[in-house]
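Q: compute the structure for the input listed below.
(2 chains)
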Number of protein chains: 2
Amino acid sequence: MHLADYLKEKRQRINQQLEMLVRDYTVSGRLQDSMLYSIHAGGKRLRPILLMATAQAFRVPEERVTGVASALEMVHTYSLIHDDLPAMDDDDLRRGKPTNHKRFDEATAILAGDALLTLSSQVITEDAGLNDAERVYLVRELTKASGARGMVEGQMQDMLSEGTKISLEALENIHRNKTGQLLRFSILAGAYLGGASEKVLGEMTEMAEALGLVFQIQDDILDVTGDSEVIGKPAGSDEGNHKSTYPQLLGLDGAIAQKDKYVQKAQQALVNAGVEGTTLSELIHYLSTRDH
Amino acid sequence: MHLADYLKEKRQRINQQLEMLVRDYTVSGRLQDSMLYSIHAGGKRLRPILLMATAQAFRVPEERVTGVASALEMVHTYSLIHDDLPAMDDDDLRRGKPTNHKRFDEATAILAGDALLTLSSQVITEDAGLNDAERVYLVRELTKASGARGMVEGQMQDMLSEGTKISLEALENIHRNKTGQLLRFSILAGAYLGGASEKVLGEMTEMAEALGLVFQIQDDILDVTGDSEVIGKPAGSDEGNHKSTYPQLLGLDGAIAQKDKYVQKAQQALVNAGVEGTTLSELIHYLSTRDH
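A: Next up is the predicted model:
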């Protein structure tokens, strides 16, 4: 199967699952409407797809992971709703559509985010395809990745660093928390459910960390070189927002070289873990060369 | 032991545990400061105390429940931080101190709430005193009580009903979700860990639901009859906010009669469950007669 078809199929699968779960676990009304609005706003579904691709590489049946993949996307979706709020990034549009608080109101957006975050743990504990040890592991790792030593701390640090010049180390630390830890979870969850050994889990962690940085550097590169129409936000907006970026710190060529270094590291980790030549390998390539 | 001493001792216990957990699971900096600020803002710790008292009634060692009691209080604390935000109730003061977003800023308050909510599931999954089946049960019931069919939905309905006249049934439904479900969790968690039978869990659920309404009716009564200094907010503020209350719907005498009905129901449920004469019975009395 071509990667484009693979991505489309998995995206549809995850969209169906998300819609079903959110409908099942809410009552009709404004809160449900607001949650579904942001769930329907779409997006690449990168995190759940990485989880499903890793599960596949470790021969885990897909139906065992669609629940946790959906939980992961709920966490990502809640974080976007809250990040877009006026007190945070104050964005009116996301993927060309009004952000949640513009379509509804701020209070509703805050509550929709809270409800999605709460639901992410709940659906894992109720996932009939998992046993209790797996449920505990997955809730623990997902909350660890997304909480006060993970994504939320990354968002806090990102806000505090705005308008200031920071070092490459500080920048990588922010990305590691803000986006890296959820990507790491997507890889670890798939490998764990496939019964990977500690050694293999270690390799997959390395792969996930490298992949997270590839993802972020490409984001920064696209902000400089990309087409506003294609990337879905004004090119050059990072500079306008006084955000520290890889091209700023290393120059464009330096950023590309840094990205290539991490691509190699990620591919090598797949070899070490014994899952080279799988869709994961194609996904690394895809993420490092994507144009949006 | 007198109830006042009991409450003081348990409050100290839970305050220590909360402080320790939040410090353990965060890194020093603004996010941690903001989380600790709201944790230190205190409060009655009613929910964790109900959980500990129920555990005691069912002969569960206290050290088995301090973790889940803290998780419960984290959920309550996050909900207060988010409810106080300008887009929600827009409160500048809570218990006489600046609210989180006044002391820090809105973005930090949103993130501190998100982090506390995330941490509530995490600490249960990492509680060394519980087995996996217990961890799964407790995360599931806590998220169920606090999410889109529980507390968050109650908050949404409460906001939508502001300034409108609603029926007693609609009012009770809001309270059942907004405050009742977390109180219900505090009772159920204690009884579950004590190995209560399905029948006994059913009785304790009845007790918890009655207690939740007692709590709310007394809140409404205090708003009419209370001393602003003692209750910690201006008396009469519900009327000013156009909130539907029991005294409005039933008159003050009617509200008191309704409360007494629920007190009797709660005490009877304790008898049916075989845990009458415990601290729980004193707590029902205390909550129905409290002056703040």
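Q: can you say which helix or strand has the residue nearest the centre of chain A in it?
A: Residue closest to the average C-alpha location in chain A (C-alpha atoms, centre = their mean): residue A:47, at 4.5 Å. Applying DSSP states H and E as the criterion places residue A:47 in helix A:46-57.
Q: give the buried residues for whatever helix or strand comes next after that helix.
A: Next in sequence after helix A:46-57, counting helices and strands by DSSP H and E, comes helix A:66-83. Under the neighbour-count criterion of 16 or more other C-beta atoms under 10 Å in any protein chain shown, helix A:66-83 has A:66-83 buried. Yep, even glycine has a C-beta here, placed from its N, CA and C like the rest.
Q: got any ranges where chain A has weak pLDDT?
A: Within chain A, the stretches with pLDDT under 70 are A:227-242.
Q: and the contacts of the helix holding residue A:47?
A: With C-beta atoms under 8 Å, 6 or more residues apart in numbering or on different chains as the test, helix A:46-57 has contacts from A:7, A:10-11, A:13-14, A:62, A:64-66, A:68-70, A:72-73, A:76, A:182-183, A:185-187, A:189-191, A:193-194, A:204, A:211, A:215, A:275, A:278-280, A:283, A:287.
Q: could you redo the last one with a cut-off of 6 Å?
A: A:10, A:14, A:65, A:69, A:72-73, A:76, A:182, A:186-187, A:189-191, A:275, A:278-280, A:283 (C-beta atoms under 6 Å, 6 or more residues apart in numbering or on different chains).
Q: which of the residues you listed fall in helices?
A: Counting by DSSP state H, those place A:10, A:14, A:69, A:72-73, A:76, A:182, A:186-187, A:189-191, A:279-280, A:283 in helices.
Q: chain B: which of those residues is nearest?
A: Nearest to chain B, judged by C-beta to the nearest C-beta, of these is residue A:182 at 12.0 Å.
Q: now do the contacts for the closest one.
A: Residue A:182 touches A:47, A:145, A:151, counting by C-beta under 6 Å, 6+ apart.
Q: the same query, at a cut-off of 10 Å, please.
A: For residue A:182, the contacting residues are A:46-47, A:50, A:72-73, A:75-76, A:79, A:142, A:145-146, A:150-151, A:154, A:208, A:212, by C-beta atoms under 10 Å, 6 or more residues apart in numbering or on different chains.
Q: now swap in residue A:1 and tell me
A: By C-beta under 10 Å, 6+ apart, residue A:1 lies in contact with A:7-9, A:279.
Q: then residue A:192?
A: Contact analysis of residue A:192 by C-beta under 10 Å, 6+ apart lists A:54-55, A:58, A:60, A:68, A:134, A:137-138, A:141, A:185, A:200-201, A:204.
Q: so how far is residue A:207 from residue A:104?
A: Using C-beta to C-beta, to the nearest Å, we find residue A:104 at a distance of 39 Å from residue A:207.
Q: make that residue A:108, sorry
A: Distance, residue A:108 to residue A:207, by C-beta to C-beta: 39 Å.
Q: quick one: the strands in chain A?
A: A:93-94, A:97-98 (DSSP state E).
Q: adding mean neighbour count and distance to residue B:261 as columns, could you present the ones you listed in TSV?
A: What follows is these, written out as TSV (neighbours: other C-beta atoms under 10 Å in any protein chain shown; distance: least, C-beta to C-beta, whole Å):
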stretch	mean neighbour count	distance to residue B:261
strand A:93-94	16	50
strand A:97-98	15	48
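Q: follow-up on the earlier one: the contacts of residue A:1, buried ones only, as a ChimeraX selection?
A: Buried subset of these, written as a ChimeraX selection, criterion 16+ other C-beta under 10 Å:
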select /A:7,279
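Q: closest one to residue B:42 out of the contacts of residue A:1, please.
A: Nearest to residue B:42, judged by C-beta to C-beta, of these is residue A:7 at 50.6 Å.
Q: for the residue lying closest to the closest one once chain neighbours are set aside, grab the count of nearby residues.
A: Spatially, and ignoring its direct neighbours in sequence, residue A:7 is nearest to residue A:49 (6.4 Å; C-beta to C-beta, 6 or more residues apart in numbering or on different chains). Counted with other C-beta atoms under 10 Å in any protein chain shown, residues neighbouring residue A:49 total 22.
Q: next one: the one 10 residues further on
A: Other residues lying near residue A:59 total 9 when counted by other C-beta under 10 Å.
Q: against chain B, how distant is the closest residue to it other than its chain neighbours?
A: Leaving out its chain neighbours, the residue that sits closest to residue A:59 by C-beta to C-beta, 6+ apart is residue A:194, at 6.1 Å. Applying C-beta to the nearest C-beta, to the nearest Å, the value for residue A:194 to chain B is 20 Å.
Q: again, but for residue A:45
A: Distance, residue A:45 to chain B, by C-beta to the nearest C-beta: 21 Å.
Q: repeat for residue A:188
A: Distance of residue A:188 to chain B, computed by C-beta to the nearest C-beta: 15 Å.
Q: circling back: which among the contacts of residue A:192 end up buried?
A: Applying 16+ other C-beta under 10 Å to the contacts of residue A:192 flags A:54-55, A:58, A:60, A:68, A:134, A:137-138, A:141, A:185, A:200, A:204 as buried.
Q: ok, how many other residues are close to the nearest residue to residue A:42 once chain neighbours are set aside?
A: Spatial nearest neighbour of residue A:42, chain neighbours left out: residue A:95 (6.5 Å); criterion: C-beta to C-beta, 6+ apart. Neighbourhood size, residue A:95 [other C-beta under 10 Å]: 12.
Q: wait, residue A:95 touches residue A:41, no?
A: Yes - because the distance of 5.9 Å satisfies C-beta atoms under 10 Å, residue A:95 is recorded as touching residue A:41.
Q: what sits in contact with each of the two?
A: The contact sets of residue A:95 and residue A:41 overlap at residue A:80 (C-beta under 10 Å, 6+ apart).
Q: OK, contacts around residue A:262?
A: A:209-218, A:284, A:288.
Q: what's the distance between it and chain B?
A: Going from residue A:262 to chain B by C-beta to the nearest C-beta gives 25 Å.
Q: again with residue A:173
A: Counting by C-beta to the nearest C-beta, the gap from residue A:173 to chain B is 11 Å.
Q: surely that residue meets residue A:167?
A: Yes - if you go by C-beta under 10 Å, residue A:173 and residue A:167 touch, sitting 9.2 Å apart.
Q: looking at these two, which one has more neighbours?
A: Neighbour comparison, residue A:173 and residue A:167: the larger count goes to residue A:173, with 17 against 10 (by other C-beta under 10 Å).
Q: sorry, back to before: within reach of chain B, which of the buried residues of helix A:66-83 are there?
A: The overlap between those and the neighbours of chain B (C-beta under 10 Å from any C-beta of the partner chain) comes to A:75, A:78-79, A:82-83.
Q: which one of the contacts of residue A:1 sits closest to residue A:114?
A: Distances from residue A:114 to those, taken as C-beta to C-beta, are shortest for residue A:7 (30.2 Å).
Q: spit out the contact partners of that closest one.
A: Contact analysis of residue A:7 by C-beta under 10 Å, 6+ apart lists A:1, A:44-46, A:49, A:53, A:279, A:282-283, A:286.
Q: may I see the ChimeraX selection of the buried members of the residues you listed?
A: Buried members of the contacts of residue A:7, defined by 16+ other C-beta under 10 Å, are picked up in ChimeraX with:
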select /A:45,46,49,53,279,283
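Q: format the contacts of residue A:7 as JSON lines; extra columns: distance to residue A:121.
A: JSON lines is the format used below for those (distance: C-beta to C-beta, whole Å):
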{"residue": "A:1", "distance to residue A:121": "33"}
{"residue": "A:44", "distance to residue A:121": "24"}
{"residue": "A:45", "distance to residue A:121": "20"}
{"residue": "A:46", "distance to residue A:121": "21"}
{"residue": "A:49", "distance to residue A:121": "21"}
{"residue": "A:53", "distance to residue A:121": "24"}
{"residue": "A:279", "distance to residue A:121": "28"}
{"residue": "A:282", "distance to residue A:121": "31"}
{"residue": "A:283", "distance to residue A:121": "27"}
{"residue": "A:286", "distance to residue A:121": "30"}
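Q: which among the contacts of residue A:7 gets closest to residue A:23?
A: residue A:45 (18.0 Å).
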